[in-house]
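Just to be clear, the model below is a prediction. Sequence and coordinates:
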Amino acid sequence: MESKKHCPFCGEEILSTAKKCKYCGEWLPEQEEKKEDNESGKSMILCPICSEPIEKGTKVCPHCHEVLVDEDVRAAQLKPAVENTSVSDHLEHTATDVQDDKPRSLFAYYFVDVFMKHYADFSGKASRKQYWMGYLFYALILILFYALDMLIGIPVLSLIYILATLVPYMALVVRRLHDIGKSGWWYLISLVPVIGVIWLLVLLCKKGETKNVPVKGVAMDWIALALIVIVSAVGITVGIKNLSEKMAEEMLRAIEASDTSDSSAAITDFPIDENTMSGEDTADGTSVLEYASFVGSSSSGQYDYYLKEGDLNIYQKDTNTGTIYTISMEQLSDEFIVSSISDYAVAGSKIVFITNNGAAGMTNADTALAYDMDSESWTYITTAKSIRFDDSKTSLLTSSPTDATMEHFDESEIKLCDL
């Protein structure tokens with residue numbers, strides 16, 4: 001059985017005759033030359049192929065099994081002896097020579113080697129630079145797939161990428177922990193909320209034992225980086241534009257359904273869940289109406305109505321018994337959302353509310369509703385991009401976009417006396 005040795009980069013066990021580690025892919029420092037005379041008195045030289053010590057006159061190297069010609073043997077005899085230095089002394093020099101002879105790709109070294117060649121390697125080591133550079137390439141490619149997903153409108157590519165790189169990323173974290181002398185089980189500390197993630201981040205930033213190999217990169221690295229940036233920028237820009245246009249079209253359809261151009265058509269009864277507007281009997285007392293403002297009373301005088309600032313409830317007080325009922329506006333209908341009350345006005349027996357859906361950007365819209373204090377029923381009035389009362393609070397002024405560009409708006413007016 002051939003003798004073994006440990007790779008000075010990742011610590012894995014490899015053949016003593018190896019010149020490059022099969023685990024981490026690093027070139028190994030040159031072997032020290034043996035004395036020419038060994039214990040048996042035989043003259044020794046270095047094999048010109050594998051640099052292992054062999055007896056002078058050997059025709060076939062017992063280490064690399066290559067046939068040696070006379071010219072190779074004479075060259076090996078004239079080769080100067082290597083000084084007896086440690087592996088760490090040769091480490092940087094050997095790695096630099098390898099890089100000078102054959103430039104390595106940043107993408108190949110920090111992404112392909114880390115995530116593909118060591119796909120499920122949970123036993124080796126990874127330096128701090130190798131981890132963070134690998135994570136940088138991982139993030140850049142993930143952004144690229146997100147941008148492509150925005151173009152096609154389906155988050156499929158990024159999901160496949162995340163699932164495909166889940167195992168190699170976990171293996172990379174474990175190898176990084178091995179490099180700082182920690183067990184891979186320390187990865188589970190990230191399950192502790194907040195503190196665990198911070199703790200793991202600190203461990204991943206600590207300097208380890210593995211030496212960094214200088215990798216300068218090649219032209220293809222910068223070309224690939226430029227393509228990733230360009231495609232990502234175009235994909236995100238076009239994706240946001242398509243999303244905005246889609247949201248604008250949805251809003252236009254909602255506004256067209258309400259038909260704000262004709263006030264009589266806009267004011268319609270709307271199917272509202274009666275259970276959400278009936279309310280329940282609350283505690284008998286005035287504490288419920290603390291900080292509430294009186295709004296109006298029913299024609300019969302039986303009920304008084306109150307509102308609180310920032311509240312989505314109407315408080316109905318029975319003037320005969322003093323009982324207070326709560327009428328919720330939060331879930332009036334599945335067709336629109338009431339997030340806040342922008343303003344209100346009283347027109348006869350009706351309380352007219354301007355509400356906002358609380359959405360951002362293109363989907364933000366106002367809805368006008370009316371509550372009849374006599375019949376205790378709701379009436380849906382209209383939905384528009386913007387709704388407000390005029391100065392005298394006798395009309396509703398609406399503003400709605402006429403196309404998906406949101407550049408042209410149609411203004412209309414709804415008289416409160418027509419409600």
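Yes, it's here.

confidence score at Val82?
Looking at Val82, its pLDDT is 41.

hang on, I meant Thr276
Per-residue confidence at Thr276 stands at 44 (pLDDT).

Tell me where the stretch 151-300 of the chain has strands.
Using DSSP state E, counting those that start in this stretch, the strands of the stretch 151-300 of the chain run over 293-297.

Any regions of it where pLDDT drops low?
251-252, 254-286 (pLDDT under 70).

rerun that using 50 as the cut-off
260-281, 283-284 (pLDDT under 50).

Which residue ranges of it form helices?
157-164, 166-179, 195-205, 219-258, 263-266, 274-278 (DSSP state H, counting those that start in this stretch).

if you compare these, which one is most tucked away?
A comparison of the helices of the stretch 151-300 of the chain by mean neighbour count, using mean count of other CB atoms under 10 Å, puts helix 166-179 on top with a mean of 20. Where C-beta positions appear, they are placed from N, C-alpha and C, glycine not excepted.

relative to helix 157-164, how tilted is it?
Using axes from the mean of the first three to the mean of the last three CA atoms, to 10 degrees, the inter-axis angle of helix 166-179 relative to helix 157-164 is 50 degrees.

rewinding a little: His408 is nearest to which of the helices of the stretch 151-300 of the chain?
His408 lies closest to helix 219-258 among the helices of the stretch 151-300 of the chain, at 11.6 Å (CB to CB).

So which other helices or strands are in contact with that closest one?
Packing contacts for helix 219-258, counted by 3 or more CB pairs under 8 Å, 6 or more residues apart in numbering; DSSP states H and E, involve helix 106-107, helix 128-152, strand 377-384, strand 395-401.

rewinding a little: turn the helices of the stretch 151-300 of the chain into JSON lines, including distance to Glu26.
Formatted as JSON lines, these follow (distance: least, CB to CB, whole Å):
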{"stretch": "helix 157-164", "distance to Glu26": "26"}
{"stretch": "helix 166-179", "distance to Glu26": "14"}
{"stretch": "helix 195-205", "distance to Glu26": "21"}
{"stretch": "helix 219-258", "distance to Glu26": "19"}
{"stretch": "helix 263-266", "distance to Glu26": "74"}
{"stretch": "helix 274-278", "distance to Glu26": "69"}
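
what's the closest of the helices and strands packed on helix 219-258 to Ile14?
Comparing the helices and strands packed on helix 219-258 by CB to CB, helix 128-152 comes nearest, at 18.8 Å.

What is the closest one packed up against?
Packed against helix 128-152 by the contact rule (3+ CB pairs under 8 Å, 6+ apart) you find helix 106-107, helix 157-164, helix 166-179, helix 195-205, helix 219-258.

can you rerun that using 7 Å?
Packing contacts for helix 128-152, counted by 3 or more CB pairs under 7 Å, 6 or more residues apart in numbering; DSSP states H and E, involve helix 157-164, helix 166-179, helix 219-258.

Please tell me how far Ser342 sits from Asn364.
Separation of Ser342 from Asn364 (CB to CB, to the nearest Å) stands at 12 Å.

so what sits against both of the two?
Shared contacts of Ser342 and Asn364, defined by CB atoms under 7 Å, 6 or more residues apart in numbering, are absent.

Now the helices and strands packed on helix 128-152 in a markdown table, please, with extra columns for distance to Met44.
Output for the helices and strands packed on helix 128-152, formatted as a markdown table (distance: least, CB to CB, whole Å):
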| stretch | distance to Met44 |
| --- | --- |
| helix 157-164 | 51 |
| helix 166-179 | 37 |
| helix 219-258 | 44 |
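
which one of the ones you listed lies closest to Lys125?
Among those, helix 166-179 comes nearest to Lys125, with 4.3 Å by CB to CB.

Show me what the closest one is packed up against.
Looks like helix 166-179 contacts helix 128-152 (3+ CB pairs under 7 Å, 6+ apart).

so which of the helices and strands packed on helix 128-152 gets nearest Ile351?
Ile351 sits nearest to helix 219-258 of all the helices and strands packed on helix 128-152, at 19.9 Å, using CB to CB.

now the closest one, how far from the chain's geometric center?
Here helix 219-258 is found 17 Å from its chain centre; the criterion is CA atoms, centre = their mean, to the nearest Å.

what's the answer for stretch 396-415, then?
37 Å.

Ok, stretch 297-305 next?
Its chain's C-alpha centre and that of stretch 297-305 lie 55 Å apart, by CA atoms, centre = their mean.

Show me which residues of that stretch are buried.
Neighbour counts using 16 or more other CB atoms under 10 Å place 297-298, 303-305 of stretch 297-305 among the buried residues.

Could you export those as CSV, including distance to Val167?
CSV is the format used below for the buried residues of stretch 297-305 (distance: CB to CB, whole Å):
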residue, distance to Val167
Ser297, 70
Ser298, 68
Tyr303, 66
Asp304, 67
Tyr305, 63
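
Looking at the residues you listed, spot the one nearest Lys5.
Out of those, the member with the shortest distance to Lys5 (by CB to CB) is Tyr305, at 88.8 Å.

number of nearby residues for Leu136?
13 (other CB atoms under 10 Å).

With Lys317 instead?
Lys317: 22 surrounding residues under other CB under 10 Å.

Name the helix or strand for it, please.
Using DSSP states H and E, Lys317 maps to strand 313-318.

Could you give the separation of that strand from the chain centroid?
The chain centre lies 46 Å from the centre of strand 313-318; the measure is CA atoms, centre = their mean.

the inter-axis angle of the following helix or strand past it versus strand 377-384?
Next helix or strand after strand 313-318 toward the C-terminus (DSSP H and E): strand 324-328. Here strand 324-328 points in a direction 30 degrees away from that of strand 377-384 (the same axes, to 10 degrees).

could you check the angle strand 313-318 makes with strand 324-328?
Relative orientation of strand 324-328 versus strand 313-318 (the same axes, to 10 degrees): 150 degrees.

if we can go back for a sec, so can I have TSV of the helices and strands packed on helix 219-258 showing distance to Ala347?
Below are these laid out as TSV (distance: least, CB to CB, whole Å):
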stretch	distance to Ala347
helix 106-107	69
helix 128-152	47
strand 377-384	11
strand 395-401	10
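
Out of these, the one nearest Asn357 is which?
Going by CB to CB, the one of the helices and strands packed on helix 219-258 nearest Asn357 is strand 377-384, 8.7 Å.

Name the next helix or strand following that closest one along the chain.
strand 386-389.

State the mean pLDDT of that next one.
pLDDT averaged over strand 386-389 gives 91.

Contacts for that strand next, please.
When contacts are defined by CB under 7 Å, 6+ apart, strand 386-389 is touched by residues 343, 345, 354, 366, 368, 396-399.
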